[in-house]
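Participant: no sequence for this one, just the structure:
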């Protein structure tokens, strides 16, 4: 089975303090024979690379020096605090979607799993549609905070929950809020 994790943040190097649990999840899946590739945003111009043999595709969404919407702190917190970060979300979503179209060429996946469904469900849905693959959404809670404050985020999440083959969350509390 081949799985594509669609994420905002993934460790940039071994020992990176960013989402070490996500790297551990990938390690455990690979130990069970599941092939995993990562589709993640770039950070300050970071290019696609291998991390412990895991292919990590980094999509570019702005000029190198301004690519810091993700990493070092949750994007949700940044967006709520600053208009500059709000502006970065537009190229992030547009270029992430376009990059997913390119990423899908020459690759085949059985599942696209969007971590933090806003806005990653869009990217994962594009991939799933191109491959006839399953669409999975995983909620962590940050996207639900935005959905409470921004009606368009709530509508976005609802629309993709209807299209998903499976939806899960990191806790029963988060799952109940996602419903």
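Facilitator: On my side now, so go ahead. Predicted model only: the values in this text are computed from it and were never measured.
Participant: secondary structure element for residue 175?
Facilitator: Using DSSP states H and E, residue 175 sits within helix 172-178.
Participant: buried ones in that helix?
Facilitator: By neighbour count, and taking 16 or more other Cβ atoms under 10 Å as the criterion, the buried residues in helix 172-178 are 174, 178. Every C-beta, even on glycine, is put in place using the N, C-alpha and C of the backbone.
Participant: repeat for stretch 10-24
Facilitator: By 16+ other Cβ under 10 Å, the buried positions in stretch 10-24 come out as 10-12, 18-19, 22-23.
Participant: need the distance between the two termini of it.
Facilitator: The straight-line separation of the ends of stretch 10-24 (Cα to Cα, to the nearest Å) is 11 Å.
Participant: ranges for the strands of this protein?
Facilitator: Ranges of strands within the chain are 2-7, 35-41, 49-51, 54-59, 111-115, 134-139, 166-169, based on DSSP state E.
Participant: now do the buried residues in the first one.
Facilitator: Looking back up the chat, that one is strand 2-7. Result for strand 2-7 [16+ other Cβ under 10 Å]: buried residues 3-7.
Participant: in the protein, what secondary structure element scores lowest on mean pLDDT?
Facilitator: Ranked by mean pLDDT, DSSP states H and E, the weakest helix or strand in the chain is helix 75-81, scoring a mean of 64.
Participant: how far out from the middle of the chain is the helix of greatest length in the chain?
Facilitator: In the chain, with assignment by DSSP state H, the single longest helix is helix 83-104. The chain centre lies 11 Å from the centre of helix 83-104; the measure is Cα atoms, centre = their mean, to the nearest Å.
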